[in-house]
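Engineer: here is my input, please return the structure:
(one chain, ligands or ions: 1)
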Amino acid sequence: MSERPDGRKFDEMRPIEAKVGVIEQADGSAMFKIGKTIAIAGVYGPKQVHPKHLEDPEKAILRCYYDMYSFSVPERERPGPDRRSIELSMVIKNALLPAVFVKEYPKSQIEIFVSIIQADAGTRCAAISAASMALADAGIAMKDIVSSVAVGHVNNKVVVDLNKEEEDVEGTTDIPLAYMPRMKKITLLQLDGKMPKDKLREAIALGTKSCEKIYEVQKKALKDRYNTSGE
Ligand code: ADP
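Structural biologist: Sure thing, here's the model as predicted:
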């Protein structure tokens, strides 16, 4: 059996830390760290839609902005939105949308900003886990928390939470997954690469099980925020 580069077991995620309430001026905010990957999310709203023609009389619109700090990767990243961050902003928004009761907030917008302070793979998943805590912190009505992690197929083994070194292995398949643990619903499943069908099933099962563990960390972070602020 091949060991993983950092000695983890196939079903072992990197160490996780989560904190709710990290940006004072946001309506809701959170930090989610998994291994060396760190995401900070700030939520603003619900508030008026600008420009007004984007307004929906029936429900709120979600707007999501993902960005990676210049110093988040070993080679300095050019600041500002690029194709990758525009696509990931959409992917993150779509993974969160099923959890939000958007009809509670007609004619309004909810803005979600997620910054990647440090990147070692799995940034879209860390962004989703951080953003869903920030939405809850903002008091937005939600069906469930969204928990997210990537699973994959590395050196013919199904593993959870690939780091950059594993992602870069030739022939690796990467599957970012987001999940609503109480509803038992997958809200994001991307597949970058190829793998046998039975292995894919195994990977999805490992991913949802791991999301349940992330959910516990998110819930604890939300409870801790409530306990210390005394609100
Ligand atoms: P994800 O971060 O969700 O896995 P990608 O597959 O696009 O998304 O990126 C994988 C990893 O590659 C990132 O987490 C980061 O560690 C690294 N990476 C992405 N963009 C850059 C970049 N411009 N420069 C250096 N590393 C990058």
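Engineer: got any ranges where the chain has weak pLDDT?
Structural biologist: Scanning the chain for pLDDT under 70 picks out 1-2, 228-231.
Engineer: get me the contact residues on it for the ligand.
Structural biologist: Taking CB under 6 Å from any ligand atom as the contact definition, the chain meets the ligand at 73, 75, 77, 84, 119-124, 164, 167, 176. C-beta here means a position set from N, CA and C on the backbone, and glycine is covered the same way.
Engineer: okay, and which of those map to strands?
Structural biologist: Mapping those onto strands (DSSP state E) picks out residue 176.
Engineer: just the buried subset of the residues of the chain next to the ligand, please.
Structural biologist: 77, 119-124, 164, 167, 176 (16 or more other CB atoms under 10 Å).
Engineer: can you tell me which of those residues are in helices?
Structural biologist: Among these, the members found in helices (DSSP state H) are 123-124, 164, 167.
Engineer: which one of the residues you listed is nearest residue 183?
Structural biologist: Of all those, residue 183 sits closest to residue 124, with 20.5 Å by CB to CB.
Engineer: mind listing the helices for the protein?
Structural biologist: Remark: helices assigned in the chain by DSSP H are 83-96, 123-137, 164-167, 197-229.
Engineer: residue 180: how many residues sit nearby?
Structural biologist: 22 (other CB atoms under 10 Å).
Engineer: that one contacts residue 188, doesn't it?
Structural biologist: No: taking CB atoms under 8 Å as the definition, residue 180 is not a contact partner of residue 188, at 10.5 Å.
Engineer: okay, residue 188 and residue 169: tell me how far apart.
Structural biologist: Per CB to CB, to the nearest Å, residue 188 is found 23 Å from residue 169.
Engineer: need the winner for burial among the helices of the chain.
Structural biologist: Ranked by mean neighbour count, the helices of the chain are led by helix 123-137 with a mean of 29 (mean count of other CB atoms under 10 Å).
Engineer: now do it and helix 197-229, the angle between them.
Structural biologist: 40 degrees (axes from the mean of the first three to the mean of the last three CA atoms, to 10 degrees).
Engineer: going forward can the numbers begin at 30, since that is how I track them
Structural biologist: With the count now opening at 30, the last piece we talked about shows up as helix 152-166.
Engineer: may I have helix 152-166 as CSV, with CA atoms only?
Structural biologist: Taking C-alpha atoms only, helix 152-166 is exported to CSV below (Å, rounded to 0.1, in the frame of the first residue of the first chain):
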residue,chain,number,x,y,z
THR,A,152,-9.2,26.3,-2.3
ARG,A,153,-12.7,26.2,-3.8
CYS,A,154,-13.8,23.7,-1.2
ALA,A,155,-12.3,25.7,1.7
ALA,A,156,-14.0,28.8,0.2
ILE,A,157,-17.4,27.0,0.3
SER,A,158,-17.0,25.8,3.8
ALA,A,159,-15.9,29.3,5.0
ALA,A,160,-18.7,31.0,3.0
SER,A,161,-21.5,28.8,4.4
MET,A,162,-20.4,29.6,8.0
ALA,A,163,-20.3,33.3,7.1
LEU,A,164,-23.8,33.2,5.7
ALA,A,165,-25.1,31.5,8.9
ASP,A,166,-23.2,34.1,10.9
